[in-house]
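Novice: got a sequence here, can you build the structure:
(one chain, ligands or ions: 1)
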Amino acid sequence: VIFESSQDASIIVAQEIATLIKEKSAANKPCVLGLATGSSPIKVYEELVRMHKEEGLSFANVVSFNLDEYYPMDKNNIQSYYYFMHEHLFNHVDILPENVNVPNGTVSPEDLHQYCIDYENKITELGGLDFQLLGIGRTGHVGFNEPGSHFNSRTRSIILDHITRADAAPSFLGIDNVPRKAITMGVGTVRSAKRIVLLGWGLNKASILKETIEGEITGQVPATYLQEHDNTTFVLDQGAAAEL
Ligand code: GLP
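Specialist: Numbering: from 1, shown residues only. Have a look, this model is predicted:
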């Protein structure tokens, strides 16, 4: 779906999430949301915060799982995704702290493998993700599933691609400060979501979105695996859709 602007699009996506939260709440069920970081979802979160403050949208039944976190990474570090999510969403709504899940970038290397299995199991035990919000990296990654990721991969640690680290360099004041690893939900974790919305804004994303949407399905562009998911919408602005 192509919108005039990312602002208009973000409002529609936020409305879909709000409707789902309310439906689940009316049925006395948790709403399990898979959430993303990066610049792309910021306006969606802004709109959800506005709905909470002005329209009384409650997040009391929301259980959230973030896609990824740098590794190693302290929660209090302003570059952490933990910090990002609290700044942009969690600190401004009534989600219960115990219902917030962001991969923990301080787990010891010995415990990391089991930690990832536990993260994945927690999602499964809740009945899976009801909704997964995604951005896309210029390597075609979703979460931090870099080229080479298997379509059935699950939550695990991963080595970041050079392009990904270069794109992150400005916020870390130099590429040398960007962690070399991350924890990410897998492509399989993402694909098991009942509904997926991928956001793409701006000319900078036009080329990778053409490959993602119209290209051959390949592990070299992990986002192409979404073509096989039967309830995914790619939500783009004019710039991002320029090469379609
Ligand atoms: C990072 C995140 C991804 C995100 C991507 C794009 O790599 N791990 O989940 O989609 O950045 O970020 P942006 O939305 O800022 O373009």
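Novice: and the nearest residue to Ile2 once chain neighbours are set aside, what's its pLDDT?
Specialist: With sequence-adjacent residues excluded and distances taken as CB to CB, 6 or more residues apart in numbering, Ile2 is closest to Ala241, at 4.5 Å. C-beta: built from backbone N, CA, C; applies to glycine. With respect to pLDDT, Ala241 scores 98.
Novice: one more: Gly127?
Specialist: 97.
Novice: do Glu216 as well
Specialist: pLDDT for Glu216: 98.
Novice: you'd agree it is up against Thr224?
Specialist: Yes: with contact defined as CB atoms under 8 Å, Glu216 counts as touching Thr224 (7.0 Å).
Novice: which one of these two is surrounded by more residues?
Specialist: Using other CB atoms under 10 Å, the more surrounded residue of Glu216 and Thr224 is Thr224, with 19 against 9.
Novice: would you say that one is within a helix?
Specialist: Yes: looking at Thr224 with DSSP: H, G, I helix; E, B strand; the rest coil, it is inside a helix.
Novice: and the residue nearest to Ile2, how close does it get to Pro222?
Specialist: Between Ala241 and Pro222 the distance is 20 Å, computed by CB to CB, to the nearest Å.
Novice: between those two, who's got more neighbours?
Specialist: Pro222 (29 against 19).
Novice: all strands of this protein, in order?
Specialist: Shown for the chain, the strands assigned by DSSP state E span residues 2-3, 31-35, 62-66, 68-71, 100-101, 131-134, 156-159, 181-184, 196-200, 232-237.
Novice: which of the ones you listed sits closest to the ligand?
Specialist: Set against the ligand and scored by CB to the nearest ligand atom, these come closest in strand 68-71, at 4.8 Å.
Novice: and the strands of the chain as CSV, adding mean neighbour count?
Specialist: Putting those into CSV (neighbours: other CB atoms under 10 Å) gives the following:
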stretch, mean neighbour count
strand 2-3, 16
strand 31-35, 24
strand 62-66, 22
strand 68-71, 24
strand 100-101, 18
strand 131-134, 26
strand 156-159, 18
strand 181-184, 25
strand 196-200, 24
strand 232-237, 21
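Novice: can you redo these as CSV with distance to the ligand and mean pLDDT?
Specialist: Listed next are the strands of the chain as CSV, based on distance: least, CB to the nearest ligand atom, whole Å; pLDDT from 0 to 100:
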stretch, distance to the ligand, mean pLDDT
strand 2-3, 16, 98
strand 31-35, 10, 99
strand 62-66, 9, 99
strand 68-71, 5, 98
strand 100-101, 15, 98
strand 131-134, 6, 98
strand 156-159, 10, 98
strand 181-184, 7, 98
strand 196-200, 7, 98
strand 232-237, 12, 98
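Novice: now those strands in a markdown table, please, with extra columns for distance to Ile21.
Specialist: Below are those laid out as a markdown table (distance: least, CB to CB, whole Å):
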| stretch | distance to Ile21 |
| --- | --- |
| strand 2-3 | 22 |
| strand 31-35 | 5 |
| strand 62-66 | 6 |
| strand 68-71 | 23 |
| strand 100-101 | 15 |
| strand 131-134 | 9 |
| strand 156-159 | 29 |
| strand 181-184 | 25 |
| strand 196-200 | 14 |
| strand 232-237 | 18 |
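Novice: ok, the closest residue in space to Tyr83 that isn't next to it in sequence - how many residues close by?
Specialist: Among residues not flanking Tyr83 along the chain, Asn77 sits closest, at 6.5 Å (CB to CB, 6+ apart). Residues lying near Asn77 (other CB under 10 Å) number 15.
Novice: all set now, cheers.
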